[in-house]
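Student: When you get a sec, could you give me coordinates for this:
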Amino acid sequence: MNPVTSIIGVLAVCYGLYTAWARVKKPEQFAKLDAMKKQWGEKAGTAIHVIAYTVVPAVFGVVMIIRGLQGGSLF
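Tutor: You can find the predicted model right below:
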């Protein structure tokens, strides 16, 4: 087990969950979302933002947790 990699994974998953929660409760908190909507349109801008700030960190976190538990290292 590699605790550093696992902790980084847990933090990444927490960040992904936080952004998902904040998107519902505090949407005004996302300044970059408005810029993305202006550049790519309402649907595409929102989709890119959700993928970049919620899905990717959560998936990365799960992968790092599994890798850490298997003894792999991020560094």
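Student: Quick one: the helices in this protein, in order.
Tutor: Counting by DSSP state H, the chain has helices at residues 3-25, 31-40, 42-50, 56-69.
Student: nearest residue to the residue most central in space within the chain other than its sequence neighbours?
Tutor: By Cα atoms, centre = their mean, the chain has its centre lying nearest to Pro57, at 2.8 Å. Leaving aside its sequence neighbours, Pro57 sits nearest to Gly16 (Cβ to Cβ, 6 or more residues apart in numbering; 4.1 Å). C-betas here are computed from N, CA, C, even on glycine.
Student: Settle this for me: that neighbour is touching Thr54, isn't it.
Tutor: Yes: look at Gly16 against Thr54 with Cβ atoms under 8 Å: they come within range, at 5.2 Å.
Student: on that earlier part again, please look at the residue nearest to the centre of the chain and Thr19 and confirm they touch.
Tutor: Yes: the pair Pro57 and Thr19 passes the contact test of Cβ under 8 Å, sitting 7.4 Å apart.
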